[in-house]
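Participant: Quick one: sequence and predicted model below, then my questions.
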Amino acid sequence: MTRKLRKIAITGPESTGKSILAGQLAVQYGTVWVPEYAREYLELNGPAYNEEDILAIARGQLERESKALSKATGFIFCDTEFIVTRIWSNVKYGRCHPWISEQVETHVYDLYLLCDIDLPWEFDPLREHPGRRKELFELYCNELTSRGFPFFIVRGYGRDRLSNAIGIINEHFKTS
């Protein structure tokens, strides 16, 4: 009997530990994770970007996720998803490309782990909003709630954050 593959999105504002958590969860569950394509894209093309770049990043993220699916076992952990690019575009430009908005509705995950802003901000030249973390976190909560997506907030520092995420996943999917 083959167990259904569960897609889990790790989401939230900048500097909330999404990448670290996605990698740790993949190791914990013996599967793969999909790194944030935006980082790779901006490191390759430079930190200056425009609306078309956000669309290219969203499409690249989907492509990376699609390729990783064949390697996943049990779970796949995605470091970012379309709500991230939708909020990013809306905050930066006051609008979002319709394709990204459509993906938010149609490319859903079995579970969303929303990383809390309880970690200290870490400077990174690709991060933009250290003073807007609370506002951005509330945008994520509102997006997830208004769409009725299954989500839980992950809190804690270091191993506690990982343990909290594992507890949420195990309880949500009733696994051990």
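Facilitator: Great, that's in hand.

Participant: quick one: which helix or strand includes Trp33?
Facilitator: Per DSSP states H and E: Trp33 is located in strand 32-34.

Participant: so how far is whichever helix or strand comes after that strand off the chain centroid?
Facilitator: Per DSSP H and E, the first helix or strand lying C-terminal to strand 32-34 is helix 37-45. Average the C-alpha atoms of helix 37-45, do the same for its chain, and the two points are 16 Å apart (CA atoms, centre = their mean, to the nearest Å).

Participant: Please apply the same query to stretch 44-59.
Facilitator: 17 Å.

Participant: quick one: contacts of that stretch?
Facilitator: Contacting residues not belonging to stretch 44-59 are listed as 37-38, 41-42, 82, 85, 88-89, 92-93, 95, 97, 99-100, 103, 125-126 [CB atoms under 8 Å, 6 or more residues apart in numbering]. For the C-beta atoms, the positions are set from N, CA and C on the backbone; glycine is no exception.

Participant: can I get the CA coordinates of it in PDB?
Facilitator: Extracted in PDB, the C-alpha atoms of stretch 44-59 (Å, rounded to 0.1, in the frame of the first residue of the first chain):
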ATOM      1  CA  LEU A  44      22.300  35.000  -9.900                       C
ATOM      2  CA  ASN A  45      20.600  38.200 -11.400                       C
ATOM      3  CA  GLY A  46      21.400  40.700  -8.700                       C
ATOM      4  CA  PRO A  47      19.200  42.200  -6.000                       C
ATOM      5  CA  ALA A  48      17.500  44.800  -8.200                       C
ATOM      6  CA  TYR A  49      14.200  43.300  -9.500                       C
ATOM      7  CA  ASN A  50      10.900  44.200 -11.100                       C
ATOM      8  CA  GLU A  51       7.400  42.800 -11.300                       C
ATOM      9  CA  GLU A  52       8.400  40.500 -14.200                       C
ATOM     10  CA  ASP A  53      11.100  39.000 -12.000                       C
ATOM     11  CA  ILE A  54       8.600  38.100  -9.300                       C
ATOM     12  CA  LEU A  55       6.500  36.300 -11.900                       C
ATOM     13  CA  ALA A  56       9.700  34.500 -13.200                       C
ATOM     14  CA  ILE A  57      10.600  33.600  -9.600                       C
ATOM     15  CA  ALA A  58       7.100  32.200  -9.000                       C
ATOM     16  CA  ARG A  59       7.300  30.100 -12.100                       C
END
